[in-house]
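coords please:
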Amino acid sequence: MEQVSQAHSSTPATRRRRSVRVLGATLLTGLLLGGAVPYVTGNGGTYLSYLVLDERTDAQGAEHAADQARALGGKVVQDYPQIGAVLAYAGPGFAGELRGRPGIAAVGATRTVPVPSPPRPLAGSGFPADTGVRTGPDAGTGSAAAAGAGGAAAAGAAGAAAAAPPAADDVAEGADDSTATVPDPGEQSDWNLAMIGALDRPAGRNAALLRPPVADRGTDPSADRAGALPTAQQLSKVTVAVLDSGVDDTHPDLRAAVDPAASASCADGRPDPRGGAWRPDDAINESGHGTHVAGIVGAARDGHGVTGVAPGVRIAAVRLLGSLGQYYAENIVCGMLWAADHGARAINDSYFADPWKYNCPEDADQAALVAAVGRAVAYAQRKGAVVVASAGNDGQDLNAGRTDRRSPNDRTTGPPEDRRLGTECIRLPGELPGVVTVTAVERNGLPAVYSNYGRGRVSIAAPGGDPDGGTQGAVVSDWPGGRYAALAGTSMSAAHVTGAVAVVAARHPDWGPEQITAALARAADDTCTRSLPLGCRDRDYYGAGILTLPTG
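This next block holds a predicted model:
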(Lines give C-alpha, C1' and ligand atoms only; values in the text may rest on other atoms or scores of the structure.)
Protein backbone atom coordinates (compact mmCIF):
# COMPACT_ATOMS: atom_id res chain seq x y z
CA MET A 1 0.00 0.00 0.00
CA GLU A 2 1.22 3.48 -0.74
CA GLN A 3 -0.96 5.28 1.76
CA VAL A 4 0.72 7.14 4.59
CA SER A 5 -1.96 7.58 7.21
CA GLN A 6 -5.41 8.87 7.92
CA ALA A 7 -6.80 11.57 10.12
CA HIS A 8 -7.29 10.56 13.76
CA SER A 9 -5.99 7.04 13.26
CA SER A 10 -5.02 4.53 15.91
CA THR A 11 -1.37 4.35 16.93
CA PRO A 12 1.12 2.15 15.04
CA ALA A 13 1.52 -0.11 18.07
CA THR A 14 -2.22 -0.56 18.34
CA ARG A 15 -2.44 -1.35 14.63
CA ARG A 16 0.31 -3.95 14.88
CA ARG A 17 -1.36 -5.70 17.81
CA ARG A 18 -4.70 -5.63 16.04
CA SER A 19 -3.12 -7.05 12.86
CA VAL A 20 -1.76 -10.08 14.69
CA ARG A 21 -5.01 -10.65 16.62
CA VAL A 22 -7.11 -10.46 13.46
CA LEU A 23 -4.71 -12.73 11.56
CA GLY A 24 -4.79 -15.37 14.27
CA ALA A 25 -8.55 -15.22 14.62
CA THR A 26 -9.05 -15.47 10.86
CA LEU A 27 -6.89 -18.58 10.53
CA LEU A 28 -8.39 -20.25 13.60
CA THR A 29 -11.89 -19.65 12.30
CA GLY A 30 -10.88 -21.11 8.96
CA LEU A 31 -9.54 -24.26 10.54
CA LEU A 32 -12.61 -24.75 12.70
CA LEU A 33 -15.12 -24.17 9.93
CA GLY A 34 -13.18 -26.16 7.34
CA GLY A 35 -12.54 -24.38 4.08
CA ALA A 36 -12.31 -20.72 5.07
CA VAL A 37 -8.55 -20.93 4.49
CA PRO A 38 -8.42 -21.68 0.76
CA TYR A 39 -6.01 -24.61 0.75
CA VAL A 40 -6.88 -28.26 0.42
CA THR A 41 -5.67 -30.61 3.12
CA GLY A 42 -2.20 -31.89 2.33
CA ASN A 43 -0.24 -34.93 3.50
CA GLY A 44 2.16 -33.02 5.67
CA GLY A 45 4.05 -31.53 2.72
CA THR A 46 4.95 -27.89 2.29
CA TYR A 47 4.82 -25.85 -0.88
CA LEU A 48 6.10 -22.57 -2.21
CA SER A 49 4.50 -20.76 -5.14
CA TYR A 50 6.68 -20.26 -8.22
CA LEU A 51 6.42 -18.26 -11.40
CA VAL A 52 7.96 -20.26 -14.26
CA LEU A 53 8.86 -18.32 -17.40
CA ASP A 54 9.58 -19.96 -20.71
CA GLU A 55 11.93 -18.49 -23.28
CA ARG A 56 8.90 -18.15 -25.53
CA THR A 57 6.43 -15.46 -24.49
CA ASP A 58 3.31 -17.03 -25.97
CA ALA A 59 0.85 -19.89 -25.41
CA GLN A 60 3.34 -22.50 -26.61
CA GLY A 61 5.83 -21.14 -24.12
CA ALA A 62 3.30 -21.42 -21.30
CA GLU A 63 2.51 -25.00 -22.33
CA HIS A 64 6.18 -25.94 -22.37
CA ALA A 65 6.76 -24.29 -18.99
CA ALA A 66 3.82 -26.22 -17.56
CA ASP A 67 5.14 -29.52 -18.92
CA GLN A 68 8.57 -28.89 -17.45
CA ALA A 69 7.11 -27.92 -14.09
CA ARG A 70 4.96 -31.06 -13.92
CA ALA A 71 7.92 -33.22 -14.88
CA LEU A 72 9.55 -32.19 -11.61
CA GLY A 73 6.40 -32.74 -9.57
CA GLY A 74 5.12 -29.17 -9.65
CA LYS A 75 1.39 -28.54 -9.38
CA VAL A 76 0.41 -26.04 -12.08
CA VAL A 77 -2.59 -24.03 -10.91
CA GLN A 78 -2.66 -21.27 -13.55
CA ASP A 79 -1.03 -20.54 -16.85
CA TYR A 80 -0.51 -17.18 -18.53
CA PRO A 81 -0.28 -17.79 -22.30
CA GLN A 82 -0.14 -14.04 -22.95
CA ILE A 83 3.39 -13.99 -21.54
CA GLY A 84 4.60 -17.62 -21.72
CA ALA A 85 4.47 -18.31 -17.99
CA VAL A 86 2.75 -20.48 -15.40
CA LEU A 87 2.11 -20.46 -11.67
CA ALA A 88 3.13 -23.70 -9.99
CA TYR A 89 3.38 -25.01 -6.42
CA ALA A 90 6.23 -27.28 -5.39
CA GLY A 91 8.81 -27.96 -2.70
CA PRO A 92 11.70 -25.64 -1.77
CA GLY A 93 14.22 -27.20 -4.19
CA PHE A 94 12.01 -26.88 -7.24
CA ALA A 95 13.43 -23.66 -8.72
CA GLY A 96 17.04 -24.83 -8.67
CA GLU A 97 16.19 -28.02 -10.53
CA LEU A 98 13.94 -26.36 -13.10
CA ARG A 99 16.26 -23.47 -13.98
CA GLY A 100 18.65 -25.80 -15.78
CA ARG A 101 16.01 -27.24 -18.12
CA PRO A 102 16.12 -26.32 -21.84
CA GLY A 103 13.77 -23.52 -22.84
CA ILE A 104 13.18 -22.24 -19.30
CA ALA A 105 14.08 -18.56 -19.00
CA ALA A 106 13.53 -17.98 -15.28
CA VAL A 107 11.97 -19.51 -12.18
CA GLY A 108 11.28 -17.63 -8.98
CA ALA A 109 9.64 -18.35 -5.64
CA THR A 110 7.05 -15.64 -5.05
CA ARG A 111 6.93 -16.10 -1.27
CA THR A 112 9.29 -17.11 1.50
CA VAL A 113 6.90 -18.97 3.82
CA PRO A 114 5.62 -22.41 2.73
CA VAL A 115 1.93 -23.35 2.65
CA PRO A 116 0.39 -26.78 3.31
CA SER A 117 -0.72 -27.31 -0.29
CA PRO A 118 -1.70 -25.53 -3.50
CA PRO A 119 -4.92 -23.50 -3.45
CA ARG A 120 -8.21 -25.23 -4.07
CA PRO A 121 -9.71 -25.31 -7.56
CA LEU A 122 -11.98 -22.46 -8.63
CA ALA A 123 -15.17 -23.00 -10.60
CA GLY A 124 -15.71 -20.66 -13.52
CA SER A 125 -12.33 -18.98 -13.31
CA GLY A 126 -10.15 -18.09 -16.25
CA PHE A 127 -9.16 -15.33 -18.62
CA PRO A 128 -11.43 -14.21 -21.51
CA ALA A 129 -11.94 -17.01 -24.02
CA ASP A 130 -10.61 -14.98 -26.94
CA THR A 131 -7.12 -14.83 -25.40
CA GLY A 132 -6.67 -18.58 -25.55
CA VAL A 133 -5.80 -18.60 -21.86
CA ARG A 134 -6.87 -21.55 -19.78
CA THR A 135 -6.47 -22.64 -16.23
CA GLY A 136 -3.89 -25.36 -15.78
CA PRO A 137 -4.96 -29.01 -15.85
CA ASP A 138 -4.03 -29.30 -12.19
CA ALA A 139 -6.54 -26.57 -11.39
CA GLY A 140 -9.58 -28.67 -12.26
CA THR A 141 -13.06 -27.48 -11.37
CA GLY A 142 -14.99 -27.16 -8.16
CA SER A 143 -16.08 -24.62 -5.59
CA ALA A 144 -13.83 -22.00 -4.06
CA ALA A 145 -13.19 -22.12 -0.37
CA ALA A 146 -14.76 -18.77 0.40
CA ALA A 147 -17.55 -17.34 -1.73
CA GLY A 148 -16.58 -14.04 -3.25
CA ALA A 149 -13.15 -14.02 -1.67
CA GLY A 150 -10.98 -15.54 -4.38
CA GLY A 151 -7.92 -15.15 -2.16
CA ALA A 152 -5.25 -17.54 -0.97
CA ALA A 153 -3.65 -17.59 2.46
CA ALA A 154 -0.16 -16.14 2.38
CA ALA A 155 1.23 -18.60 4.90
CA GLY A 156 0.40 -22.08 6.15
CA ALA A 157 -1.99 -22.45 9.04
CA ALA A 158 0.81 -23.72 11.25
CA GLY A 159 2.78 -20.72 12.41
CA ALA A 160 0.91 -18.08 10.45
CA ALA A 161 -1.02 -16.93 13.48
CA ALA A 162 2.30 -15.92 14.96
CA ALA A 163 3.28 -13.83 11.95
CA ALA A 164 5.63 -11.00 12.76
CA PRO A 165 4.16 -7.50 12.64
CA PRO A 166 5.31 -5.10 9.92
CA ALA A 167 8.60 -3.31 10.42
CA ALA A 168 8.10 -0.24 12.59
CA ASP A 169 9.36 2.23 10.00
CA ASP A 170 6.84 0.98 7.49
CA VAL A 171 3.67 0.56 9.52
CA ALA A 172 2.32 3.91 8.39
CA GLU A 173 2.03 2.72 4.80
CA GLY A 174 -1.14 0.81 5.49
CA ALA A 175 -4.23 1.67 7.46
CA ASP A 176 -6.47 -0.95 8.94
CA ASP A 177 -10.21 -1.09 9.30
CA SER A 178 -10.12 1.06 12.42
CA THR A 179 -9.55 3.97 10.02
CA ALA A 180 -11.40 7.01 11.29
CA THR A 181 -14.09 8.01 8.84
CA VAL A 182 -15.33 11.52 8.21
CA PRO A 183 -18.84 12.92 7.58
CA ASP A 184 -20.19 13.11 4.04
CA PRO A 185 -18.13 15.98 2.58
CA GLY A 186 -20.82 16.96 0.09
CA GLU A 187 -18.22 17.28 -2.68
CA GLN A 188 -16.56 20.19 -0.87
CA SER A 189 -13.30 18.61 0.37
CA ASP A 190 -11.72 18.67 -3.06
CA TRP A 191 -8.69 20.95 -3.02
CA ASN A 192 -6.96 18.18 -4.92
CA LEU A 193 -9.34 18.45 -7.87
CA ALA A 194 -9.04 22.24 -7.92
CA MET A 195 -5.26 21.92 -8.02
CA ILE A 196 -5.32 19.87 -11.23
CA GLY A 197 -8.03 21.91 -12.97
CA ALA A 198 -10.84 19.38 -12.62
CA LEU A 199 -13.38 21.77 -11.04
CA ASP A 200 -15.54 24.58 -12.34
CA ARG A 201 -14.98 26.66 -9.17
CA PRO A 202 -11.94 28.04 -7.36
CA ALA A 203 -9.95 26.07 -4.85
CA GLY A 204 -10.53 26.42 -1.14
CA ARG A 205 -8.46 28.60 1.18
CA ASN A 206 -4.70 28.00 1.07
CA ALA A 207 -4.84 25.50 -1.80
CA ALA A 208 -2.42 25.99 -4.66
CA LEU A 209 -4.45 26.94 -7.74
CA LEU A 210 -2.20 25.75 -10.53
CA ARG A 211 -4.67 26.32 -13.35
CA PRO A 212 -7.62 28.72 -13.41
CA PRO A 213 -10.92 26.91 -12.76
CA VAL A 214 -13.00 26.16 -15.82
CA ALA A 215 -15.53 28.88 -15.03
CA ASP A 216 -12.80 31.59 -14.95
CA ARG A 217 -11.08 30.99 -18.28
CA GLY A 218 -12.44 34.10 -19.93
CA THR A 219 -13.03 34.16 -23.67
CA ASP A 220 -10.67 31.34 -24.44
CA PRO A 221 -12.65 28.64 -26.32
CA SER A 222 -11.30 26.09 -23.88
CA ALA A 223 -13.04 27.98 -21.05
CA ASP A 224 -16.31 26.22 -21.75
CA ARG A 225 -16.60 23.19 -19.46
CA ALA A 226 -17.73 20.94 -22.31
CA GLY A 227 -14.59 21.93 -24.17
CA ALA A 228 -12.25 21.58 -21.23
CA LEU A 229 -13.45 18.35 -19.64
CA PRO A 230 -15.20 15.36 -21.23
CA THR A 231 -18.80 14.61 -20.41
CA ALA A 232 -19.89 11.64 -18.34
CA GLN A 233 -21.17 10.05 -21.52
CA GLN A 234 -17.73 10.36 -23.14
CA LEU A 235 -16.06 8.98 -20.04
CA SER A 236 -18.46 6.03 -19.90
CA LYS A 237 -16.74 4.70 -23.01
CA VAL A 238 -13.40 4.52 -21.18
CA THR A 239 -12.43 1.68 -18.83
CA VAL A 240 -9.70 2.01 -16.23
CA ALA A 241 -8.59 -0.75 -13.89
CA VAL A 242 -7.93 -0.35 -10.18
CA LEU A 243 -5.60 -3.16 -9.07
CA ASP A 244 -5.75 -2.98 -5.30
CA SER A 245 -7.33 -4.42 -2.16
CA GLY A 246 -10.77 -4.61 -3.76
CA VAL A 247 -13.46 -2.03 -4.48
CA ASP A 248 -16.81 -1.68 -2.73
CA ASP A 249 -19.12 -1.35 -5.71
CA THR A 250 -22.10 -0.87 -3.38
CA HIS A 251 -20.78 2.53 -2.30
CA PRO A 252 -23.17 5.26 -3.57
CA ASP A 253 -20.29 7.08 -5.28
CA LEU A 254 -19.11 3.95 -7.10
CA ARG A 255 -22.09 1.70 -7.76
CA ALA A 256 -22.62 3.15 -11.23
CA ALA A 257 -18.90 3.20 -12.03
CA VAL A 258 -17.72 -0.34 -11.32
CA ASP A 259 -18.24 -2.67 -14.27
CA PRO A 260 -18.94 -6.20 -12.99
CA ALA A 261 -18.17 -7.72 -16.39
CA ALA A 262 -14.64 -6.29 -16.26
CA SER A 263 -14.00 -6.95 -12.56
CA ALA A 264 -12.47 -9.96 -10.80
CA SER A 265 -10.32 -11.17 -7.95
CA CYS A 266 -6.72 -12.17 -8.63
CA ALA A 267 -5.96 -12.61 -4.95
CA ASP A 268 -4.21 -15.96 -5.48
CA GLY A 269 -2.93 -15.47 -9.01
CA ARG A 270 -6.03 -16.91 -10.71
CA PRO A 271 -8.78 -14.72 -12.19
CA ASP A 272 -12.05 -15.20 -10.30
CA PRO A 273 -14.85 -13.21 -11.97
CA ARG A 274 -17.67 -14.49 -9.81
CA GLY A 275 -20.04 -11.81 -8.55
CA GLY A 276 -18.53 -9.79 -5.73
CA ALA A 277 -15.11 -11.47 -5.85
CA TRP A 278 -13.57 -8.03 -6.44
CA ARG A 279 -14.96 -6.56 -3.22
CA PRO A 280 -12.73 -5.95 -0.18
CA ASP A 281 -12.63 -8.43 2.66
CA ASP A 282 -13.18 -6.45 5.85
CA ALA A 283 -11.31 -9.10 7.85
CA ILE A 284 -8.07 -8.00 6.17
CA ASN A 285 -6.11 -4.95 7.24
CA GLU A 286 -5.91 -2.22 4.59
CA SER A 287 -8.95 -3.59 2.77
CA GLY A 288 -10.54 -0.16 2.34
CA HIS A 289 -7.57 1.19 0.40
CA GLY A 290 -8.84 0.18 -3.05
CA THR A 291 -12.23 1.83 -2.51
CA HIS A 292 -10.49 5.07 -1.56
CA VAL A 293 -8.30 4.91 -4.68
CA ALA A 294 -11.30 4.12 -6.91
CA GLY A 295 -13.17 7.12 -5.53
CA ILE A 296 -10.33 9.45 -6.49
CA VAL A 297 -10.35 8.00 -9.99
CA GLY A 298 -14.05 8.00 -10.79
CA ALA A 299 -16.54 8.75 -7.99
CA ALA A 300 -19.83 10.08 -9.37
CA ARG A 301 -20.61 13.80 -9.48
CA ASP A 302 -24.00 13.78 -7.74
CA GLY A 303 -23.81 16.42 -5.01
CA HIS A 304 -22.96 13.91 -2.29
CA GLY A 305 -19.74 12.39 -1.04
CA VAL A 306 -16.77 13.07 -3.30
CA THR A 307 -16.16 13.52 -7.00
CA GLY A 308 -13.50 11.65 -8.91
CA VAL A 309 -11.09 13.11 -11.42
CA ALA A 310 -13.08 11.33 -14.16
CA PRO A 311 -16.71 11.02 -13.02
CA GLY A 312 -18.51 8.69 -15.42
CA VAL A 313 -15.53 6.47 -16.23
CA ARG A 314 -15.98 2.69 -16.08
CA ILE A 315 -13.89 0.99 -13.41
CA ALA A 316 -12.61 -2.56 -13.65
CA ALA A 317 -12.16 -3.49 -9.99
CA VAL A 318 -9.40 -6.09 -9.68
CA ARG A 319 -8.66 -7.33 -6.20
CA LEU A 320 -5.03 -8.33 -5.66
CA LEU A 321 -4.86 -8.37 -1.88
CA GLY A 322 -4.74 -11.94 -0.58
CA SER A 323 -6.36 -13.12 2.61
CA LEU A 324 -3.25 -12.46 4.70
CA GLY A 325 -2.56 -9.05 3.26
CA GLN A 326 0.02 -9.71 0.53
CA TYR A 327 0.41 -8.51 -3.07
CA TYR A 328 2.41 -11.42 -4.47
CA ALA A 329 3.86 -11.26 -7.98
CA GLU A 330 1.39 -13.81 -9.37
CA ASN A 331 -1.49 -11.61 -8.16
CA ILE A 332 -0.02 -8.67 -10.05
CA VAL A 333 0.59 -10.71 -13.21
CA CYS A 334 -2.96 -12.04 -13.13
CA GLY A 335 -4.45 -8.59 -12.51
CA MET A 336 -2.39 -6.86 -15.19
CA LEU A 337 -3.35 -9.45 -17.82
CA TRP A 338 -7.00 -9.39 -16.80
CA ALA A 339 -7.16 -5.59 -17.01
CA ALA A 340 -5.41 -5.51 -20.38
CA ASP A 341 -7.70 -8.16 -21.84
CA HIS A 342 -10.75 -6.19 -20.67
CA GLY A 343 -9.77 -3.04 -22.52
CA ALA A 344 -8.37 -0.90 -19.70
CA ARG A 345 -6.92 2.38 -20.97
CA ALA A 346 -5.22 2.96 -17.62
CA ILE A 347 -4.17 0.50 -14.90
CA ASN A 348 -3.69 1.93 -11.41
CA ASP A 349 -1.09 0.28 -9.16
CA SER A 350 -0.92 1.91 -5.73
CA TYR A 351 1.17 -0.77 -4.00
CA PHE A 352 4.51 -2.57 -4.21
CA ALA A 353 5.04 -6.27 -4.80
CA ASP A 354 5.43 -8.45 -1.71
CA PRO A 355 7.44 -9.96 -0.11
CA TRP A 356 10.42 -7.89 -1.29
CA LYS A 357 9.99 -4.12 -1.22
CA TYR A 358 12.85 -3.93 -3.74
CA ASN A 359 13.74 -6.81 -6.07
CA CYS A 360 17.41 -7.29 -6.92
CA PRO A 361 18.69 -8.92 -10.16
CA GLU A 362 21.50 -10.83 -8.44
CA ASP A 363 18.90 -12.92 -6.59
CA ALA A 364 17.52 -15.56 -8.98
CA ASP A 365 14.07 -15.60 -7.38
CA GLN A 366 13.72 -11.83 -7.40
CA ALA A 367 15.04 -11.56 -10.93
CA ALA A 368 12.34 -13.97 -12.07
CA LEU A 369 9.64 -11.89 -10.37
CA VAL A 370 10.91 -8.76 -12.11
CA ALA A 371 10.82 -10.60 -15.44
CA ALA A 372 7.30 -11.96 -14.89
CA VAL A 373 5.75 -8.67 -13.80
CA GLY A 374 7.73 -6.92 -16.53
CA ARG A 375 6.23 -9.20 -19.18
CA ALA A 376 2.72 -8.55 -17.85
CA VAL A 377 3.25 -4.77 -17.82
CA ALA A 378 4.65 -4.83 -21.36
CA TYR A 379 1.67 -6.90 -22.50
CA ALA A 380 -0.74 -4.35 -21.02
CA GLN A 381 1.13 -1.50 -22.67
CA ARG A 382 0.98 -3.24 -26.05
CA LYS A 383 -2.77 -3.66 -25.57
CA GLY A 384 -3.12 0.11 -25.20
CA ALA A 385 -3.01 0.67 -21.42
CA VAL A 386 -1.11 3.37 -19.57
CA VAL A 387 0.30 1.64 -16.48
CA VAL A 388 0.36 4.06 -13.53
CA ALA A 389 2.14 3.32 -10.22
CA SER A 390 2.83 5.05 -6.93
CA ALA A 391 6.44 6.06 -6.24
CA GLY A 392 6.35 4.91 -2.61
CA ASN A 393 6.24 6.51 0.81
CA ASP A 394 9.74 5.94 2.19
CA GLY A 395 11.14 9.40 1.43
CA GLN A 396 14.01 7.71 -0.44
CA ASP A 397 16.04 8.76 -3.45
CA LEU A 398 15.53 5.96 -5.97
CA ASN A 399 18.79 6.98 -7.65
CA ALA A 400 20.84 6.26 -4.54
CA GLY A 401 21.69 3.29 -2.41
CA ARG A 402 19.12 2.65 0.28
CA THR A 403 18.23 0.39 3.16
CA ASP A 404 15.29 -2.01 3.13
CA ARG A 405 14.37 -2.95 6.68
CA ARG A 406 11.05 -4.53 5.82
CA SER A 407 11.71 -7.46 3.54
CA PRO A 408 10.72 -10.21 3.39
CA ASN A 409 7.41 -9.10 4.82
CA ASP A 410 5.65 -12.47 4.71
CA ARG A 411 7.92 -14.10 7.29
CA THR A 412 6.27 -15.80 10.26
CA THR A 413 9.17 -15.56 12.70
CA GLY A 414 12.20 -13.41 13.32
CA PRO A 415 13.07 -9.90 12.21
CA PRO A 416 13.24 -8.76 8.60
CA GLU A 417 16.56 -8.62 6.81
CA ASP A 418 18.47 -5.36 7.02
CA ARG A 419 19.36 -5.09 3.33
CA ARG A 420 21.66 -2.41 1.96
CA LEU A 421 20.63 -2.04 -1.67
CA GLY A 422 22.03 -0.46 -4.81
CA THR A 423 20.11 1.29 -7.56
CA GLU A 424 19.82 -1.94 -9.54
CA CYS A 425 17.19 -3.11 -7.03
CA ILE A 426 13.78 -1.88 -8.10
CA ARG A 427 10.23 -1.55 -6.87
CA LEU A 428 7.57 -3.46 -8.74
CA PRO A 429 5.81 -2.34 -10.81
CA GLY A 430 6.77 1.33 -10.44
CA GLU A 431 10.31 1.16 -11.80
CA LEU A 432 9.61 -0.98 -14.85
CA PRO A 433 10.05 0.51 -18.34
CA GLY A 434 7.26 2.78 -19.51
CA VAL A 435 5.39 2.86 -16.20
CA VAL A 436 4.14 6.30 -15.18
CA THR A 437 5.50 6.59 -11.64
CA VAL A 438 3.86 9.27 -9.51
CA THR A 439 5.23 11.31 -6.61
CA ALA A 440 3.10 13.25 -4.13
CA VAL A 441 2.66 16.96 -3.44
CA GLU A 442 0.77 18.63 -0.62
CA ARG A 443 -1.98 21.21 -1.17
CA ASN A 444 0.59 24.01 -1.40
CA GLY A 445 2.18 22.32 -4.41
CA LEU A 446 5.36 21.41 -2.52
CA PRO A 447 6.76 17.86 -2.47
CA ALA A 448 5.41 15.66 0.33
CA VAL A 449 8.19 14.68 2.72
CA TYR A 450 7.20 11.01 2.63
CA SER A 451 7.33 10.65 -1.16
CA ASN A 452 10.09 8.69 -2.88
CA TYR A 453 11.81 10.62 -5.65
CA GLY A 454 14.59 10.39 -8.24
CA ARG A 455 15.34 12.08 -11.55
CA GLY A 456 14.58 9.68 -14.37
CA ARG A 457 12.89 7.27 -11.92
CA VAL A 458 9.67 9.24 -11.42
CA SER A 459 7.38 10.62 -14.09
CA ILE A 460 5.01 13.22 -12.67
CA ALA A 461 3.74 14.67 -9.39
CA ALA A 462 0.11 14.81 -8.25
CA PRO A 463 -1.88 15.62 -5.09
CA GLY A 464 -1.06 13.16 -2.31
CA GLY A 465 -1.78 15.31 0.72
CA ASP A 466 -0.43 15.75 4.22
CA PRO A 467 -0.95 12.82 6.62
CA ASP A 468 -1.21 15.29 9.51
CA GLY A 469 -3.51 17.70 7.66
CA GLY A 470 -6.87 16.17 8.51
CA THR A 471 -9.73 16.61 6.06
CA GLN A 472 -8.30 19.92 4.80
CA GLY A 473 -4.84 18.63 4.07
CA ALA A 474 -5.27 14.96 3.25
CA VAL A 475 -7.29 13.56 0.35
CA VAL A 476 -10.91 12.73 1.20
CA SER A 477 -12.40 9.85 -0.75
CA ASP A 478 -14.67 6.84 -0.47
CA TRP A 479 -14.42 4.10 2.15
CA PRO A 480 -16.31 0.79 2.25
CA GLY A 481 -19.79 0.78 3.68
CA GLY A 482 -20.84 4.09 2.15
CA ARG A 483 -18.33 5.99 4.27
CA TYR A 484 -15.50 8.47 3.63
CA ALA A 485 -11.93 8.78 4.89
CA ALA A 486 -9.07 11.30 4.68
CA LEU A 487 -5.80 9.62 3.65
CA ALA A 488 -2.46 10.75 2.30
CA GLY A 489 0.23 9.05 0.25
CA THR A 490 1.55 8.34 -3.21
CA SER A 491 -1.36 5.90 -3.55
CA MET A 492 -3.60 8.93 -3.74
CA SER A 493 -1.36 10.79 -6.18
CA ALA A 494 -1.23 7.81 -8.56
CA ALA A 495 -5.03 7.64 -8.59
CA HIS A 496 -5.23 11.26 -9.77
CA VAL A 497 -3.00 10.44 -12.74
CA THR A 498 -5.09 7.39 -13.60
CA GLY A 499 -8.20 9.59 -13.65
CA ALA A 500 -6.36 12.11 -15.83
CA VAL A 501 -5.46 9.36 -18.32
CA ALA A 502 -9.17 8.55 -18.54
CA VAL A 503 -9.98 12.21 -19.22
CA VAL A 504 -7.49 12.39 -22.09
CA ALA A 505 -8.57 9.01 -23.48
CA ALA A 506 -12.21 10.13 -23.49
CA ARG A 507 -11.34 13.25 -25.47
CA HIS A 508 -8.99 11.38 -27.80
CA PRO A 509 -10.19 7.77 -28.15
CA ASP A 510 -7.76 7.15 -30.99
CA TRP A 511 -4.67 8.04 -28.97
CA GLY A 512 -2.27 5.39 -27.75
CA PRO A 513 -0.42 5.31 -24.41
CA GLU A 514 2.54 7.36 -25.66
CA GLN A 515 0.33 10.19 -26.93
CA ILE A 516 -1.67 10.27 -23.70
CA THR A 517 1.36 10.39 -21.44
CA ALA A 518 3.03 13.00 -23.65
CA ALA A 519 -0.04 15.24 -23.36
CA LEU A 520 -0.01 14.92 -19.57
CA ALA A 521 3.71 15.70 -19.45
CA ARG A 522 3.30 18.83 -21.59
CA ALA A 523 0.45 20.12 -19.45
CA ALA A 524 2.39 19.40 -16.25
CA ASP A 525 5.46 21.23 -17.49
CA ASP A 526 3.36 24.19 -18.62
CA THR A 527 1.77 24.40 -15.18
CA CYS A 528 5.18 24.57 -13.51
CA THR A 529 6.44 27.23 -15.90
CA ARG A 530 3.40 29.51 -15.80
CA SER A 531 1.87 29.06 -12.36
CA LEU A 532 4.57 28.50 -9.75
CA PRO A 533 6.95 31.35 -8.82
CA LEU A 534 10.06 29.23 -9.24
CA GLY A 535 8.53 26.53 -11.39
CA CYS A 536 9.14 22.86 -10.70
CA ARG A 537 12.89 23.30 -10.62
CA ASP A 538 13.60 20.14 -8.70
CA ARG A 539 12.72 17.51 -11.27
CA ASP A 540 14.00 14.87 -8.88
CA TYR A 541 10.69 15.32 -7.10
CA TYR A 542 8.36 16.63 -9.79
CA GLY A 543 9.33 14.64 -12.86
CA ALA A 544 7.59 16.34 -15.78
CA GLY A 545 5.77 18.66 -13.38
CA ILE A 546 2.53 18.79 -11.40
CA LEU A 547 -0.44 17.03 -12.93
CA THR A 548 -2.90 19.30 -14.72
CA LEU A 549 -5.74 18.14 -16.95
CA PRO A 550 -4.97 19.10 -20.55
CA THR A 551 -7.65 21.27 -22.15
CA GLY A 552 -7.00 20.16 -25.69
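
hey, what's residue 402 bridged with?
Residue 402 has these beta-bridge partners by DSSP bridges: residue 421.

what's near enough to touch residue 462?
196, 438-441, 493-494, 496-497, 500, 546-547 (C-beta atoms under 8 Å, 6 or more residues apart in numbering). Every residue, glycine included, has its C-beta placed from N, CA and C.

ok, which stretches of the protein are helices?
Counting by DSSP state H, the chain has these helices, from start to end: 12-33, 59-71, 94-98, 157-160, 191-195, 225-228, 232-235, 289-298, 329-341, 364-382, 470-473, 490-507, 513-531, 539-542.

between those, which one is closest to residue 108.
Distance to residue 108, taken as C-beta to C-beta, is lowest for helix 364-382 among the helices of the chain, at 2.6 Å.

helices or strands up against the closest one?
Packing contacts for helix 364-382, counted by 3 or more C-beta pairs under 8 Å, 6 or more residues apart in numbering; DSSP states H and E, involve strand 48-54, helix 94-98, strand 104-109, helix 329-341, strand 386-390.

looking at the ones you listed, which one is packed in the most?
With neighbours taken as mean count of other C-beta atoms under 10 Å, the helices and strands packed on helix 364-382 reach their highest mean count in strand 386-390, at a mean of 31.

relative to helix 513-531, how tilted is it?
Here strand 386-390 points in a direction 50 degrees away from that of helix 513-531 (axes from the mean of the first three to the mean of the last three C-alpha atoms, to 10 degrees).

run through who's touching strand 386-390.
Residues from elsewhere that reach strand 386-390 (C-beta under 8 Å, 6+ apart): 2, 336, 345-352, 377, 380-381, 427, 429-430, 432, 434-438, 489-491, 493-494, 497-498, 501, 513, 516-517.

selecting buried members of those in ChimeraX, what would you type?
Burial among the contacts of strand 386-390 is assessed by 16 or more other C-beta atoms under 10 Å; the matching ChimeraX selection reads:
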select :2,336,345,346,347,348,349,350,351,352,377,380,381,427,429,430,432,435,436,437,438,489,490,491,493,494,497,498,501,513,516,517
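
so can I have CSV of the helices and strands packed on helix 364-382 showing distance to residue 287 and mean pLDDT?
Shown next, in CSV, are the helices and strands packed on helix 364-382 (distance: least, C-beta to C-beta, whole Å; pLDDT from 0 to 100):
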stretch, distance to residue 287, mean pLDDT
strand 48-54, 22, 98
helix 94-98, 31, 97
strand 104-109, 26, 98
helix 329-341, 14, 98
strand 386-390, 18, 98
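
what's the closest of these to residue 246?
Closest approach to residue 246 among the helices and strands packed on helix 364-382 (C-beta to C-beta): helix 329-341, 11.3 Å.

which residue is nearest the middle of the protein?
Centrality entry for the chain: nearest residue to the mean C-alpha point is residue 349, 3.0 Å, by C-alpha atoms, centre = their mean.

ok, that one to residue 232 distance?
25 Å (C-beta to C-beta, to the nearest Å).

now swap in residue 53 and tell me
Separation of residue 53 from residue 232 (C-beta to C-beta): 42 Å.

also residue 1?
Distance of residue 1 to residue 232, computed by C-beta to C-beta: 30 Å.

cool, and residue 280?
On the measure of C-beta to C-beta, residue 280 and residue 232 end up 26 Å apart.

neighbour-wise, which of those two wins?
The neighbour count for residue 280 versus residue 232, taken as other C-beta atoms under 10 Å, is higher for residue 280 (24 against 15).

which ones are touching residue 438?
If you count contacts by C-beta under 8 Å, 6+ apart, residue 438 has them with 388-391, 458-462, 490, 493-494, 496-497, 547.

residue 486 now?
By C-beta under 8 Å, 6+ apart, residue 486 lies in contact with 6-7, 182, 189, 465, 469-471, 474-476.

dig out what it forms beta bridges with.
When bridges are called by DSSP bridges, residue 486 pairs up with residue 476.

check residue 440 too.
Taking DSSP bridges, one obtains residue 462 as the residues bridged to residue 440.

isn't it up against residue 463?
Yes: Residue 440 lies in contact with residue 463 (C-beta atoms under 8 Å); the separation is 7.3 Å.

mind listing what residue 545 touches?
Residue 545 makes contacts with 460-461, 521, 523-528, 536, as judged by C-beta under 8 Å, 6+ apart.

could you check the pLDDT of it?
At residue 545, the model reports a pLDDT of 94.

nearest residue to it other than its sequence neighbours?
Among residues not flanking residue 545 along the chain, residue 524 sits closest, at 3.2 Å (C-beta to C-beta, 6 or more residues apart in numbering).
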